[in-house]
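Novice: For reference, the sequence and a predicted model appear below.
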Amino acid sequence: MGKIILVTGGARSGKSSFAEKIALKFGGGRAAYIATAQIFDDEMAQRIKIHRERRGDNWQTFEAPTAAEEKIFAAGKNFGAILFDCVTMYISNFICAANLDDESKLRDDVRTLIEKLIDAAQTVDAVTIFVTNEVGCGIVPENKLARHFRDSAGLANQILAAQAEKVYLTVAGLAVDVKRLAEA
């Protein structure tokens, strides 16, 4: 049965680098990388290039902007550690294709989306490390799409955290296991 670790934090907090280190530790020096980002412009292409170069040859990348649970199942056949980077990008991909007029359905659909990821991660014989962004610490967004994204990311993070063995919050390159510190 698989194990889940959640790594969250703000932009440029060090969450991906931290998650990469623990994935290689659990994977014995090799790991699967499930990439959810899509290249729509030169800046995103450069970000992805930097991530790939930093990871090096110890990783096999599985592209998964959608239907990522299938990639978790595939990666779990050959790897003891799977890094899913990142949940918020995956949600963004989903929301951009969703109907935003029915908030209740959107919330249910996001819950189902995340539950599929959890089911896959718990089924494979691997540690799955989910990277996500902590987006609820800012102001209330001014537009409907941004509010739906913030709310969906917050819901997804709570669902994942409830199933995770460890939940790390990264700040300024430092990680703290907040689940260990949390009060029920």
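Specialist: Done, it's in.
Novice: only C-alpha atoms for contact and neighbour calcs from this point on.
Specialist: OK.
Novice: neighbours of residue 22, just the number please.
Specialist: By other Cα atoms under 10 Å, the residues close to residue 22 number 18.
Novice: and the residue nearest to residue 134 when sequence neighbours are not counted, bridged to which residues?
Specialist: Nearest residue to residue 134, sequence neighbours excluded (Cα to Cα, 6 or more residues apart in numbering): residue 9, at 5.0 Å. Per DSSP bridges, the residues bridged to residue 9 are residue 170.
Novice: Tell me which residues touch residue 9, please.
Specialist: 15, 132-134, 169-171 (Cα atoms under 8 Å, 6 or more residues apart in numbering).
Novice: Now do the phi/psi pair for the residue nearest to residue 65 when sequence neighbours are not counted.
Specialist: Distances taken as Cα to Cα, 6+ apart place residue 36 nearest to residue 65, at 4.3 Å, with adjacent residues excluded. Note on residue 36: backbone dihedrals following degrees, to the nearest 10 are phi -100, psi -10.
Novice: Surely residue 36 and residue 83 touch.
Specialist: No. Under the criterion of Cα atoms under 8 Å, residue 36 makes no contact with residue 83, lying 10.8 Å away.
Novice: Which residue of the two possesses the greater neighbour count?
Specialist: Comparing residue 36 with residue 83 by other Cα under 10 Å, the one with more neighbours is residue 83, at 26 against 22.
Novice: What does the more buried one show for phi and psi?
Specialist: Taking degrees, to the nearest 10 as the convention, residue 83 sits at phi -110, psi 120.
Novice: what sits against it?
Specialist: Taking Cα under 8 Å, 6+ apart as the test, what residue 83 contacts is 19-20, 23, 31-34, 128-131.
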